[in-house]
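Trainee: sequence and computational prediction follow.
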Amino acid sequence: MSTPTPGDDVAISRVDRILSFMSLGMIVVSVVCFFAIMIARPAGVTDFTQGIWPLVTILPLLALPLAFLLILVVLIRAFIRRGRANRGG
């Protein structure tokens, strides 16, 4: 087995961490909203056009695709960073 050499890892930038946590936060909020909608109907909510329910119903439709795009951006940035590190520049 080979042992990793020190300095072989590429440093992760602050932007990558922010994008990763933003996507994770959007996914968590979307899943919570999805389960809130599933629980609301048996709990007796019949009108989803009043109060906070319009936001709860629309949020997963917008946040999940945006989180997916953010994950893709993080992956692309990681591939670019690895490629530059392997070239030596």
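Mentor: That came through fine.
Trainee: where do the helices of the protein begin and end?
Mentor: Taking DSSP state H as the criterion, the chain carries its helices at 14-43, 53-87.
Trainee: quick one: list the elements packing against the first one.
Mentor: The one in question is helix 14-43. Applying 3 or more Cβ pairs under 8 Å, 6 or more residues apart in numbering; DSSP states H and E, we find helix 14-43 packed against helix 53-87. C-beta: built from backbone N, CA, C; applies to glycine.
Trainee: now do the buried residues in the helix it packs on.
Mentor: Judged by neighbour count using 16 or more other Cβ atoms under 10 Å, the buried positions of helix 53-87 are 53, 56, 57, 59, 60, 63, 64, 67, 70, 71, 74.
Trainee: distance of the residue nearest the centre of the chain relative to residue 85?
Mentor: Nearest to the mean C-alpha position of the chain, counting by Cα atoms, centre = their mean, stands residue 23 at 1.9 Å. Per Cβ to Cβ, to the nearest Å, residue 23 is found 23 Å from residue 85.
Trainee: what of residue 46?
Mentor: For residue 46 relative to residue 85 (Cβ to Cβ), the value is 57 Å.
Trainee: quick check: which ranges of this protein have low pLDDT?
Mentor: Applying pLDDT under 70 to the chain flags the ranges 1-9, 89.
Trainee: contacts only, for the residue nearest to the centre of the chain.
Mentor: The contact partners of residue 23, by Cβ atoms under 8 Å, 6 or more residues apart in numbering, come to 67, 68, 70, 71, 74.
Trainee: cool, residue 30 as well?
Mentor: By Cβ under 8 Å, 6+ apart, the contact set of residue 30 is 59, 60, 63, 64, 67.
Trainee: fine by me, thanks again.
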